[in-house]
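Student: Model the structure of this input:
(2 chains)
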Amino acid sequence: MSSQIPAHAQERLKGLRSSAHSSGVFTSDFSVNEFLLVRKAGFEPIGLCVGTCVYHVGIQYGSWKKNEELQVLSKAMYHARELAMTRMRAEATAMNADGIVGVKLTIKRLEWDENLLEFIAIGTGVVHGDGHKGFRAHDGGPFTSDLSGQDFWSLLHSGYRPVEMVMGSCVYHVAHRGVFASIGQTMRNVELENFTSAMYEAREIAIERMQHEAAAAKAEGVVGVDMHEGNHGWQTHVIEFFAIGTAVLPMDQEIAPEKIADPIMVLSVND
Amino acid sequence: MAFLDWLTQGDDAQAQAAKLASAQRQAGILEAVQSGRVSPGVRKRLEGARSGALPWLATLTPAELLLTRSHGIRPIASVSATCWLHYGWSWTEGHAQGWETALRRLRAEAKVAGANAILDVKMRTIALDVENSMDFTLTGTAVKVEGLPPSSDPIVATVPALEFIKLVEADVVPTGIAIGAHYEWMTDWRNSTNLAWMGNIECRALSRLWETVRQRAHFQLRQSAASQGNGVLAHVNFSQMFERGEGNETKQYLARHIVVATTVDARRGVPIPHGIRMVVDMHAGKTPLTGTTRHHQSYVSNDAEGAI
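Tutor: You can find the predicted model right below:
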């Protein structure tokens, strides 16, 4: 019968409200599964942390025939994200969180001004249930991570903990092809080698920068690396390569690989 | 003369009776809306389902029915509520008012049905563009927990039955919906948002406007949640910013932010009583092992996963 329902929950279902909660109200954008898994991992959400930044991006044109990084734009994308992330982390520090899980970073162009970009970082601040401070980042502040609640549980059970959400950005101008080169190549399949090399260089710069951030955070590695390519309303031939991931460290007591439970293999037949 | 049939339709006794019944029903609904009660027609249906004289109705899937039965939860009836609100005062704050009115009506129906909880509550808005107004509709399934008396204050769970059971087993009760809504106008007297030729620089005036509006909306959210539980989950975040003013006019900015979330009453430090085992699904495509449907369509937002 209703025996599987804990007593406190039963009271509430009868219509009795618990007396005032001493701990205040926590807020989080977790789904039900994320919430349950974060708690299962020994953490409690305490509050949603938000950082916003509206940024005016300077103007820079790449020279027509050259592959090159557009440093003004790269710096703008870096600086604005940094401001949004720092504000989010400051909110987490103010509520004494041990970390932020599920950070989402979004960029939106404001419709009335093509040079204004809005950056928003949102994540849920969490504390360790037993007050264990060993999960904090290397500077003693809250860790940050773009991992979902599900990923967070899995990461801890693989013997690692998140340290810092790291990123690398490179805004790059891809050279236009000369008219003569185009004429000479009609009716042939040729590799556009300068385009290929532009993509290579821009991607490498972004990845290197992310790796550098991970090294600065004294991390062992980066999980969940994702590469985005985007054009935030710049002229054609301009792309941003953006690498993002969560830098991780092994836990104080490293879990021996043979202790990690084997997952069950299933084939779900409903669809 | 089929074309003019509708003119003469009112003549036979059956049609007259149907017209009268409809008029009575509408009068009943109107009277109920004005006095904050459940209309007689709905009351009859809910009381019938409560006593077992009428069949139960549930939005649950067969799999969810299995789970609810094994946990002593019994469906009673579908309940719903609507409030169609005209924004005379403020669009942003109208959202809080609209949902709160609909919630009150939904709870009243559940009480008539003798329920402990309303599961699978969905927030709906009809895309009917009637000027300066919007409908706030809630639908759900009223359920009873075996062995418990009917609640004087049924909880509103915006999660499907499966999620509800997972939560309750971990001593977390989803209790209702909390809303935070705030808007603010900023007049840019000093032209500080004009940053043309300034290079890379933060637009502090607009950043500050955003931060203020968001923080106020979230503060309201916490206040709205405090009477219902000790936390909120799964936000819908909806925000917009507009500029007003042409050419050299002084610019004005409107920023608005609406947050809607599920409130929970959670006993801290009680994990789910089941071990969690990793599963690798060999299914191609999206795995059906997860998957709950979206529980609102009233706001465009970036949530990809299930219940609100």
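
Student: Could you see whether chain A lies near stretch B:240-255?
Tutor: Yes: contact check for stretch B:240-255 against chain A, using CB under 8 Å from any CB of the partner chain: residues in range are B:241, B:243. Just so you know, the C-beta spots here come from the backbone N, C-alpha and C atoms, and that holds for glycine as well.

Student: just the helices in the chain please.
Tutor: No chain was given, so I picked chain A. Along chain A, the stretches classed as helices by DSSP state H are A:7-14, A:32-40, A:71-94, A:149-157, A:179-184, A:193-216.

Student: Switch to chain B, please.
Tutor: Counting by DSSP H, chain B has helices at residues B:5-8, B:13-35, B:40-51, B:62-70, B:91-112, B:161-169, B:204-226.

Student: Could you say which of those helices is packed most deeply?
Tutor: Each of the helices of chain B was scored by mean neighbour count; the highest is helix B:161-169, a mean of 23, by mean count of other CB atoms under 10 Å in any protein chain shown.

Student: How far off centre is it?
Tutor: Using CA atoms, centre = their mean, to the nearest Å, the distance from the centre of helix B:161-169 to the centre of the chain it belongs to is 19 Å.

Student: can you give me the mean pLDDT across it?
Tutor: In this model, helix B:161-169 has a mean pLDDT of 89.

Student: Residue of the stretch 151-271 of chain A closest to chain B, please.
Tutor: Nearest to chain B, among the residues of the stretch 151-271 of chain A, is residue A:263, at 3.5 Å (CB to the nearest CB).

Student: So for that residue, what's the nearest residue that isn't a sequence neighbour?
Tutor: For residue A:263, the nearest residue in space outside its immediate sequence neighbours is residue B:278; the separation is 3.5 Å by CB to CB, 6 or more residues apart in numbering or on different chains.

Student: residues near the one you found, how many?
Tutor: Residue neighbour count, defined by other CB atoms under 10 Å in any protein chain shown, stands at 14 for residue B:278.

Student: With residue B:259 as the reference, measure out to the most centrally placed residue in chain B.
Tutor: Nearest to the mean C-alpha position of chain B, by CA atoms, centre = their mean, lies residue B:123 at 3.4 Å. With distances taken as CB to CB, to the nearest Å, residue B:123 is found 13 Å from residue B:259.

Student: And for residue B:218?
Tutor: For residue B:218, the distance to residue B:259 (CB to CB) stands at 6 Å.

Student: Identify the residues contacting residue B:47.
Tutor: Contacts were defined as CB atoms under 8 Å, 6 or more residues apart in numbering or on different chains; by that measure residue B:47 touches B:112-113.

Student: For it, give its distance to residue B:73.
Tutor: When distance is defined by CB to CB, residue B:47 is 20 Å away from residue B:73.

Student: Just send the helices of chain B back as JSON lines, with distance to residue B:150 too.
Tutor: Formatted as JSON lines, those follow (distance: least, CB to CB, whole Å):
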{"stretch": "helix B:5-8", "distance to residue B:150": "46"}
{"stretch": "helix B:13-35", "distance to residue B:150": "20"}
{"stretch": "helix B:40-51", "distance to residue B:150": "8"}
{"stretch": "helix B:62-70", "distance to residue B:150": "17"}
{"stretch": "helix B:91-112", "distance to residue B:150": "8"}
{"stretch": "helix B:161-169", "distance to residue B:150": "18"}
{"stretch": "helix B:204-226", "distance to residue B:150": "25"}
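
Student: Residue B:272: which of these is closest?
Tutor: Taking CB to CB as the criterion, helix B:161-169 is the member of those that comes nearest to residue B:272, at 5.9 Å.

Student: Tell me what residue B:185 is bridged to.
Tutor: The bridge-partner assignment for residue B:185, based on DSSP bridges, gives residue B:254.

Student: Which pLDDT value belongs to the nearest residue to residue B:179 once chain neighbours are set aside?
Tutor: With CB to CB, 6+ apart as the measure, residue B:96 is the residue that lies nearest to residue B:179, at 4.5 Å, once sequence neighbours are left out. For residue B:96, the pLDDT comes out at 84.

Student: List the contacts of residue B:96.
Tutor: Applying CB under 8 Å, 6+ apart to residue B:96 gives the contacts B:179-181, B:220, B:224, B:258.

Student: Next: residue A:205.
Tutor: Residues counted as contacts of residue A:205 (CB under 8 Å, 6+ apart) are A:69, A:168, A:170, A:172, A:241.

Student: now residue B:144
Tutor: By CB under 8 Å, 6+ apart, the contact set of residue B:144 is B:73-74, B:76, B:114-116, B:150.

Student: now swap in residue B:165 and tell me
Tutor: Neighbour list for residue B:165: B:67-68, B:71, B:73 [criterion: CB under 8 Å, 6+ apart].

Student: and chain A, which of those residues contact it?
Tutor: Under the cut-off given by CB under 8 Å from any CB, chain A has B:71, B:73 from the contacts of residue B:165 close to it.

Student: How many residues are close by residue A:142?
Tutor: Here the neighbour count serves as a burial measure; for residue A:142 (other CB under 10 Å) it reads 28.

Student: isn't it right up against residue A:94?
Tutor: No: Residue A:142 is not in contact with residue A:94 according to CB atoms under 8 Å; the separation is 10.2 Å.
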